[in-house]
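Peer 1: coords below, sequence missing:
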């Protein structure tokens, strides 16, 4: 898509107020080229009598992994998305994309087209190291070990960034969210290194370094206030910007503007916590990993407020608890959460290096302590290192006092957010958990992080994913794969005439959007039922309405899926299924069998011919992305048929125990 086409699509999704605001932003950016609106000189800071820190003494039971991570940083070995143990040096070149080696220009940051691969390379790879999670790692190692080497390395890393990324030049002065996350990690490092009285600041050279750092903090806050994400961009970015400003105002209340920044940030957090999340606990972006990020932001700010004797409103905390209810209900017995919508692997701050660390379990552990919820503790299973740093010894005692015995009773319906559960034996080795998606495409006019997955569902048996969501893989680059992973054929639902339910308008933009609605959801009998419909194919010359009914028989563990396509003329229909990573898929006379490690299923369809892809580039199909910019092959099946007039397609899914596949005729 050309830049002009993207801009035209973007304008189509704006109202008059947003257009006026965008014009003002353009004028503001142009003025910045001449120094107008910039910080000419940061005022001298004045520290409070006593600093109030929200990072506790972690008292980690095992620091081996943390120390190993710190040593890798000192050795110049970095992990950035798909780059594992990359030799970027210590310190790295902050303005060079570690993936493509592209050197970004050192001009006014707001004048840089960071979406252009030719200009900056892959911007995600360029931005990620400058969020400074590694700075926090070095500070954690310094606090946990008492080894001054790590503290000195943290200073060297930060000194290099300040020298290479001067305000307001380069790509690290373009996105307010990136500045906000950087402020959070600076705050964590500041606290762990000893705050204003740190040994790093004791001599004249150290005091000069402290002043350079504080000047940069002031510049960051000033920048964020001038470039909040508004209107159709007011999603998790805006919440994150408020988070960074709030954390900075609490950590460094050193300037006359600090009180105003605190007031603006706290009010913004209160407002957006309610705006961006449904009352039933579903984040409106319809991307479960972004729900994780939003929850992390809200928890971090709550901890910062608590440290200074402050708190957020009851409505804010209640919304956070509902968000945790959703994650708790979505998580299967194996700790898996459906990868609905976009995901970019972001962590606001990295406080745990434990093997197998699960961000969703960690959030539930936080919320177990915050809200005294034993069911959250049962699902979390472990009070991880991150929560030791956030809640300290007192939090650990609260955790230990919670009685996590008892059976799981998940919330079965999230009607505002659009997710519905069917299943049995929740939280046990015999668990069946089906999550049906009847949600809006996404949030605000661009629905940036939504996928075309209406009426799709995921299926987990015995804590193992049999029918899965494929994840995300790509963002700004690799358009083919960006489009595939959010397409309708990449999800467990029905595609009509080879089209997506909703129309893509750009990497983070949707034009015509499918509207889904729930018709029936019944879970109080031996046959549980979900039924919903969407109008995404109503835009066709001969409109098609897709209605799906899912019946789960509690006794015989069979699932019957009825897809009704209401239309008049001829259409090509495909019913798609994505199988879990460990599933071995075999086909015999049109019947499909998928065998996982602990469970499996048989599937047959009333119509069409069956195709199975695995790791196909052309056409794209049969892939899953568990981590950003990494993909691996899975089996992806589709029954394809041509119909005329209203047609009902029935898919039978029979759940079965583990069995030998030695006599199977074809493996995928």
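Peer 2: Structure's in. What do you need? This is a predicted model, so every value here is computed, not measured.
Peer 1: burial count for the spatially closest residue to residue 535 that is not a sequence neighbour?
Peer 2: Closest residue in space to residue 535, ignoring its immediate chain neighbours: residue 515 at 5.2 Å, by Cβ to Cβ, 6 or more residues apart in numbering. C-beta coordinates here come from the backbone N, C-alpha and C atoms, glycine included. Residue 515 is flanked by 14 other residues according to other Cβ atoms under 10 Å.
Peer 1: likewise for residue 480?
Peer 2: Residue 480 is flanked by 11 other residues according to other Cβ under 10 Å.
Peer 1: grab the nearest non-local neighbour of it.
Peer 2: In this structure, residue 480 finds its nearest non-sequential neighbour in residue 620, 6.5 Å apart by Cβ to Cβ, 6+ apart.
Peer 1: please look at that neighbour and residue 481 and confirm they touch.
Peer 2: Yes. Using Cβ atoms under 8 Å, residue 620 makes contact with residue 481 at a distance of 6.9 Å.
Peer 1: how about residues contacting the longest helix along the chain?
Peer 2: For the chain, the longest helix by residue count, based on DSSP state H, is helix 204-226. Contact with helix 204-226 is made by 28, 37, 39, 42-43, 45, 155, 158-159, 162, 167-168, 173, 176, 179-180, 182-183, 186, 196, 199-201, 241, 244-245, 248-249, 252, 254-255, 257, 261, 264, as judged by Cβ atoms under 8 Å, 6 or more residues apart in numbering.
Peer 1: could I have the buried ones of those residues as PyMOL selection syntax?
Peer 2: The buried residues among the contacts of helix 204-226 can be selected in PyMOL (16 or more other Cβ atoms under 10 Å) with this line:
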select buried, resi 39+42+45+155+158+162+167+168+173+176+179+180+182+183+186+200+201+241+244+245+248+249+252+254+255+261+264
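Peer 1: ranking helices and strands of the chain by mean pLDDT, which lands last?
Peer 2: Scoring the helices and strands of the chain by mean pLDDT, DSSP states H and E places helix 3-12 at the bottom, with a mean of 83.
Peer 1: show me what that helix packs onto, helices and strands only.
Peer 2: For helix 3-12, the packing partners by 3 or more Cβ pairs under 8 Å, 6 or more residues apart in numbering; DSSP states H and E come out as strand 504-506, strand 509-510.
Peer 1: apply 10 Å and report the result again.
Peer 2: With contacts defined as 3 or more Cβ pairs under 10 Å, 6 or more residues apart in numbering; DSSP states H and E, helix 3-12 has these neighbours: helix 16-32, strand 504-506, strand 509-510.
Peer 1: quick one: contacts of the second one?
Peer 2: Spelled out, it's strand 504-506. 1, 5-10, 12-13, 115, 446-448, 452, 479, 482-483, 486-487, 510-512 (Cβ atoms under 10 Å, 6 or more residues apart in numbering).
Peer 1: list buried residues within these.
Peer 2: In the contacts of strand 504-506, burial by neighbour count holds for 9-10, 13, 446-448, 452, 482-483, 486-487, 510-511, counting by 16+ other Cβ under 10 Å.
Peer 1: and of the residues you listed, the nearest to residue 631?
Peer 2: residue 482 (11.9 Å; Cβ to Cβ).
Peer 1: list the contacts for the closest one?
Peer 2: The contact partners of residue 482, by Cβ under 10 Å, 6+ apart, come to 342, 472, 473, 474, 475, 476, 504, 506, 507, 508.
Peer 1: cutoff 6 Å now
Peer 2: When contacts are counted by Cβ atoms under 6 Å, 6 or more residues apart in numbering, residue 482 touches 474, 507.
Peer 1: what about residue 465, neighbour count?
Peer 2: Using other Cβ under 10 Å, residue 465 has 26 neighbouring residues.
Peer 1: am I right that it sits in a helix?
Peer 2: No. Using DSSP: H, G, I helix; E, B strand; the rest coil, the assignment for residue 465 is strand, not a helix.
Peer 1: quick one, phi psi at the residue nearest to it when sequence neighbours are not counted?
Peer 2: Spatial nearest neighbour of residue 465, excluding adjacent residues (Cβ to Cβ, 6+ apart): residue 580 at 3.9 Å. The phi and psi values for residue 580, taken as degrees, to the nearest 10, are phi -60, psi 160.
Peer 1: isn't residue 580 right up against residue 468?
Peer 2: Yes. Under the criterion of Cβ atoms under 6 Å, residue 580 makes contact with residue 468 at 4.9 Å.
Peer 1: any weak-confidence spans in this protein?
Peer 2: Scanning the chain for pLDDT under 70 picks out 1-2, 658-668.
Peer 1: 80 instead?
Peer 2: For the chain, the stretches with pLDDT under 80 are 1-4, 6, 33-34, 49, 657-668.
Peer 1: now do the residue lying farthest from the centre of it against residue 646, distance only.
Peer 2: The outermost residue of the chain, judged against the average C-alpha position, is residue 204 (42.8 Å), by Cα atoms, centre = their mean. From residue 204 over to residue 646 the distance is 82 Å, taken as Cβ to Cβ, to the nearest Å.
Peer 1: do residue 219 as well
Peer 2: Using Cβ to Cβ, we find residue 219 at a distance of 62 Å from residue 646.
Peer 1: do residue 38 as well
Peer 2: Per Cβ to Cβ, residue 38 is found 63 Å from residue 646.
Peer 1: please identify the most buried of the helices and strands packed on helix 3-12.
Peer 2: Per residue and on average, the most neighbours among these fall to strand 509-510, with a mean of 22 (mean count of other Cβ atoms under 10 Å).
Peer 1: neighbouring contacts of it?
Peer 2: Under the contact criterion Cβ under 6 Å, 6+ apart, strand 509-510 has outside partners 441, 446, 447, 502.
Peer 1: mind doing that once more with 8 Å?
Peer 2: 6, 9-10, 13, 441-442, 446-448, 450, 502-504.
Peer 1: so which of these comes closest to residue 129?
Peer 2: The closest of the contacts of strand 509-510, once distances to residue 129 are taken by Cβ to Cβ, is residue 448, at 23.7 Å.
Peer 1: buried set for the helix or strand hosting residue 305?
Peer 2: Using DSSP states H and E, residue 305 sits within helix 288-307. The neighbour-count check on helix 288-307 (16+ other Cβ under 10 Å) flags 288-305, 307 as buried.
Peer 1: which non-adjacent residue is nearest residue 656?
Peer 2: Distance criterion Cβ to Cβ, 6+ apart; nearest residue to residue 656, sequence neighbours excluded, is residue 600 at 5.1 Å.
Peer 1: packing partners of the host helix or strand of the one you found?
Peer 2: In this structure, residue 600 sits in strand 599-605 according to DSSP H and E. Packing contacts for strand 599-605, counted by 3+ Cβ pairs under 8 Å, 6+ apart, involve strand 457-461, strand 464-467, strand 591-595, strand 647-657.
Peer 1: how far is the helix holding residue 305 from where the chain is centred?
Peer 2: Remark: helix 288-307 is offset 13 Å from the chain centroid, using Cα atoms, centre = their mean, to the nearest Å.
Peer 1: just give me the closest of the buried ones among the contacts of strand 504-506 to residue 567.
Peer 2: For the buried ones among the contacts of strand 504-506, the nearest to residue 567 is residue 452 (18.8 Å; Cβ to Cβ).
Peer 1: could you report the neighbour count for residue 605?
Peer 2: Using other Cβ under 10 Å, residue 605 has 23 other residues around it.
Peer 1: next one: it from residue 590, what distance?
Peer 2: The gap separating residue 605 from residue 590 is 8 Å, by Cβ to Cβ.
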